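>>> Turn this into a model:
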Amino acid sequence: MKKILLVAVLSIMGVAHAQTPNANAKPATPQPAQPAQKVDGPQITFENETIDYGTIPHNADGNREFVFVNTGNKPLIIESAQGSCGCTVPTTPKDPIQPGQRGVIGVRYATDRVGQFTKNVTVRSNAVGNEIKVLTIKGNVLQAPQPERTTPVKS
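Numbers count the residues shown, from 1 in each chain. So this is what the prediction gives:
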């Protein structure tokens with residue numbers, strides 16, 4: 001009976017000691033982030049995937065640009081860019097973008113439409129693993145200023 005009691009006490013002490021933090025233990029060092037693996041082929045990397053027009057006047061300039069770089073090792077071809085509605089019209093480069101070269105996808109929003117907006121531009125390319133990219137534009141178009149009404153003075 002003494003042996004069983006002795007074994008139980010030692011077991012409890014062992015568990016308690018195992019759960020006590022070791023003052024000499026070194027904290028786990030975070031592992032450095034692994035660099036992105038290079039893919040054999042074209043890659044598209046955008047400077048920004050969202051353009052915020054902010055609050056703009058009615059009929060303001062609605063032209064903006066999404067700038068990108070071909071970070072791959074083969075020519076990048078932009079096959080198409082499609083706006084989510086007729087009020088968002090994108091333009092694409094016609095020639096292949098060589099490795100390391102910058103390119104631009106232009107977008108024009110119809111700023112004659114009043115109010116807040118969020119629209120997408122879907123870009124299709126030959127980028128390896130990233131063939132379809134969805135870009136976003138957003139903002140708020142103010143009402144057109146109304147001419148002041150003058151009431152004629154009665155004499």
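
>>> what's the distance between the residue nearest to the spatial centre of the chain and Ala144?
Geometric centre of the chain, nearest residue: Glu49, 4.6 Å, by CA atoms, centre = their mean. Distance, Glu49 to Ala144, by CB to CB, to the nearest Å: 31 Å. For every residue, glycine as well, the C-beta is placed using N, CA and C.

>>> re earlier: who's in contact with the residue nearest to the centre of the chain?
Residues near Glu49 by CB atoms under 8 Å, 6 or more residues apart in numbering: 66, 133-136.

>>> Where in this structure is the helix or strand with the lowest mean pLDDT?
Least confident element among the helices and strands of the chain, by mean pLDDT, DSSP states H and E: helix 2-19 (a mean of 47).

>>> Quick check: next helix or strand after it?
The element immediately downstream of helix 2-19 (helix or strand, assigned by DSSP states H and E) is strand 44-46.

>>> helices and strands around that next one, which ones?
strand 63-70, strand 132-141 (3 or more CB pairs under 8 Å, 6 or more residues apart in numbering; DSSP states H and E).

>>> which one of those lies closest to Arg113?
Nearest of these to Arg113, taken as CB to CB: strand 132-141 at 6.1 Å.

>>> which residues sit against that closest one?
Applying CB under 8 Å, 6+ apart, the external contacts of strand 132-141 come out as 44, 46, 49-58, 60, 64, 66, 88, 105, 107, 109, 111-125, 127.

>>> what lines up beside it in the sheet?
strand 50-56 (parallel), strand 115-125 (antiparallel) (DSSP bridges).

>>> Dump the helices and strands packed on strand 44-46 into a markdown table; add distance to Val39 and mean pLDDT as well.
Below are the helices and strands packed on strand 44-46 laid out as a markdown table (distance: least, CB to CB, whole Å; pLDDT from 0 to 100):
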| stretch | distance to Val39 | mean pLDDT |
| --- | --- | --- |
| strand 63-70 | 12 | 98 |
| strand 132-141 | 15 | 97 |
